Each structure stands twice: as C-alpha cells, then as structure tokens.
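show me how the following folds:
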Amino acid sequence: MLEKVKGIVFNNLHLKILSLFIAFLLWLNINESQKTTVEFVSYLDIRNIPKGYEIKSIYPEKVIITIEGSRLKMKKLDTSKIQAYVDAFNLKEGENTLPVKVEGKLHGFKIISIRPDKVIIYADKIH
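Modelled structure (predicted):
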C-alpha cells in the first residue's frame, strides 16, 4: 500500500512540479491584471502665491481623488504621499477659479477623477 502511494506521488514528479509552477504563474498574472479603484480625500495645498496677495478662503478645502491600479500595488499604496494642490501663480484679486492638480508616487496608477476638478479661491491684495 505504501509503495502504491509513493508511486503515485513520485511518478512524473518533475511534471507535477512544473504544473504547480505554471499554475502559480497564471495565478500571479491574473492577480496582477485585475484592476481596482480607490477613493480618498486630500486637503488642498496652495502653491506659488504671488507676493502681495493673501488667500482669504478656498472652496472646497479638500477634494476626492479616485485612482485605479492593480490589486497588488493598491495594497502597498500610501495615500499620504499623494497631494492635491492648486497653482496660484496667476492669482488675481477677488474670486479665482483654478484647476486642481495631483502629485505624488503614482507610478503604476491612473488618476480616474478629481472631484471637484476646480476650486474657487478668494484673494486680497496686501497693502
């Protein structure tokens, strides 16, 4: 009986090991190719404020970022390293509508949406 079990287990062992290896590679490929999305909130950073101006208010103060990527990479994603910001280089006095931009470690990820994609900034000249 023991010899029969050994024969079943060890007969064509190299083919059985090869089959397990191929199955593992297929599983890895399927896991890597499955895409998933994640939404998270990011507070806005205002950059490049011209001299002589101050920000009175910004609406909204935070945005929702939706990104897409593989499940494996998504597990390692650190959303604190992704920042939404507004470039205020062309800021004028009064109401300004400016686009929201995103930067950070996004290699292997795709930005699906930024909601809202524009914010309203009220600025005053400093006298």
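
max-length helix in this protein?
helix 13-33 (DSSP state H).

show me what secondary structure element comes after it.
Sequence order places strand 35-47 as the next helix or strand after helix 13-33, per DSSP states H and E.

who does that following strand touch, helix- and strand-wise?
On a contact count with 3 or more Cβ pairs under 8 Å, 6 or more residues apart in numbering; DSSP states H and E, strand 35-47 meets strand 53-59, strand 62-70, helix 71-75, strand 82-87. No exception for glycine: its C-beta is placed from N, CA and C like everyone else's.

spatially central residue for the chain, please.
residue 67 (4.5 Å; Cα atoms, centre = their mean).

beta-bridge partners for residue 83, please?
residue 103 (DSSP bridges).

and the helices and strands packed on strand 35-47 as CSV, adding mean pLDDT and distance to residue 115?
Below are the helices and strands packed on strand 35-47 laid out as CSV (pLDDT from 0 to 100; distance: least, Cβ to Cβ, whole Å):
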stretch, mean pLDDT, distance to residue 115
strand 53-59, 94, 14
strand 62-70, 93, 5
helix 71-75, 80, 19
strand 82-87, 94, 10
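
out of the ones you listed, nearest to residue 15?
Evaluated over the helices and strands packed on strand 35-47, closeness to residue 15 peaks at helix 71-75, with 29.0 Å, by Cβ to Cβ.
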